[in-house]
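1. Quick one, structure for this:
(one chain, ligands or ions: 2)
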Amino acid sequence: MSGEMQASASVLSSVTRDALAAVLTVAEQAGRAIMAIYNAPERWAVTEKSDASPLTAADVAAHECIVHGLSALADTTLARLPVLSEESSALAVQARRDWPAYWLVDPLDGTKEFIARNGEFSVNIALVVDQEAVLGVVYGPASGVGYVAARGLGSFRVDDSMPSDWQRLQAVAPDWQFAPSALTLTVSRRHGLVRLATFEQNLVAQGWQIDSIAAGSAFKICAVAEGRAQAYPRFGPTSEWDTAAAQIVLEEAGGELVDSRGRRFCYNARNTLLNGDFIAVAGTSAPWLAHWPKP
Ligand SMILES: Nc1ncnc2c1ncn2[C@@H]1O[C@H](COP(=O)(O)O)[C@@H](OP(=O)(O)O)[C@H]1O
Ligand SMILES: [Mg+2]
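-> Numbering: from 1, shown residues only. Ligands and ions are numbered 1, 2, ... in the order given. Prediction:
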């Protein structure tokens, strides 16, 4: 076995339910740092990043909390892994090519929703090993609800009010064999809405009735894992830290996250951090992609 394969095997053997619970605790700590600022708007000082997305004091506070929390994990194999975070990406984007395993983090996904004060933002922490997300935590500081998963261990919803009650998630796929009926989609409030409308029209033309739930952040993927929606079609760019944690939550609940050609998303495989169009589905993606709009 090569040194790199040994390193990956050692990280995978650290992926346990205890480790998942510890990463959820890190996300909850970051959530408390975020809420302290969310509830004190005079501390926001919104600035523009180089990609023109907003950056608040909360993004930075959550980033620092997560970097510290992960480095203090009891499992030293996990604690020593490098971190690629939205707030540190300029430094790490090249270095990551040499990393067989690392933490991929969006400390505050849905910054525009944070600024809009609608509560629809999340802390996303994923563990990537050999280009696949193998552990993920998506935590909502405003709701106190986390979605957690690890490869082979299942997906769970954990509410802060009942921390020991991990509720198993199961995605619910449409039955494509029978006459079209109702489909529920989760959709972005702000991005890719023109091609989303075309996709919905393609489904309606086949007799499907579409309901949609608009929301910010990676919760749109978790809602599919939870069975509240059957798919989340995404048109336009996102970054790898927007999808990795929620992807393993969805996969462990019985779903797929794929590009417009049906290829499963993987990480650290290209020279960019940007994702292209994707669809997150309950069950299999092929029936959905038959209705995908032309680019
Ligand atoms: N032009 C762009 N390039 C890269 N990512 C983009 C983008 N436009 C939107 N996003 C991503 O979409 C996320 C918000 O999507 P949604 O509104 O559906 O929740 C943003 O998360 P952040 O708020 O963490 O930056 C950002 O990562
Ligand atoms: Mg984001």
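
2. only C-alpha atoms for contact and neighbour calcs from this point on.
-> Fine.

3. Tally up the residues packed near E42, please.
-> For E42, the count of nearby residues is 8 (other Cα atoms under 10 Å).

4. my read is it is in a helix, agree?
-> Yes - applying DSSP: H, G, I helix; E, B strand; the rest coil, one finds E42 inside a helix.

5. Which pLDDT value does the model give it?
-> Predicted confidence (pLDDT) for E42: 73.

6. again, but for L91
-> Value listed for L91 in the pLDDT field: 68.

7. Next to ligand 2, which bits of the protein? Give me the list.
-> 109, 242 (Cα under 5 Å from the ion).

8. Helix or strand, whichever it is, which one in the chain has the lowest mean pLDDT?
-> strand 54-55 (a mean of 65; mean pLDDT, DSSP states H and E).

9. following it, which helix or strand comes up?
-> helix 57-71 (DSSP states H and E).

10. How about that next one and ligand 1, touching?
-> No - judged by Cα under 6 Å from any ligand atom, helix 57-71 stays clear of ligand 1, getting no closer than 8.7 Å.

11. Tell me the buried residues in that helix?
-> Neighbour counts over helix 57-71 (16 or more other Cα atoms under 10 Å) mark 57-67, 69-71 as buried.

12. Can you name every helix or strand that the helix or strand where C222 lies contacts?
-> Using DSSP H and E, C222 sits within helix 219-225. Here helix 219-225 touches strand 182-187, strand 231-234, helix 240-252, strand 278-282, going by 3 or more Cα pairs under 8 Å, 6 or more residues apart in numbering; DSSP states H and E.

13. after the first one, next one along is what?
-> Moving toward the C-terminus from strand 182-187, the next helix or strand (DSSP H and E) is helix 193-205.

14. how big is the angle separating that next one from strand 182-187?
-> Relative orientation of helix 193-205 versus strand 182-187 (axes from the mean of the first three to the mean of the last three Cα atoms, to 10 degrees): 170 degrees.

15. how much distance is there from helix 193-205 to the middle of the chain?
-> Between the centre of helix 193-205 and the centre of its host chain there is 24 Å, according to Cα atoms, centre = their mean, to the nearest Å.

16. May I have the strands that pair with whichever helix or strand comes after it, each with its orientation?
-> Note on helix 193-205: by DSSP H and E, the next helix or strand toward the C-terminus is strand 209-214. Paired strands of strand 209-214, with direction, are strand 182-187 (parallel) (DSSP bridges).

17. Just want the angle from the strand it pairs with to strand 278-282.
-> Using the same axes, to 10 degrees: strand 182-187 against strand 278-282 is 140 degrees.

18. which one is V83 nearest to, not counting chain neighbours?
-> Spatial nearest neighbour of V83, chain neighbours left out: W103 (4.6 Å); criterion: Cα to Cα, 6 or more residues apart in numbering.

19. For the one you found, list the residues it contacts.
-> Neighbour list for W103: 81-85, 125-128 [criterion: Cα atoms under 8 Å, 6 or more residues apart in numbering].

20. quick one: pLDDT of it?
-> In this model, W103 carries a pLDDT of 97.
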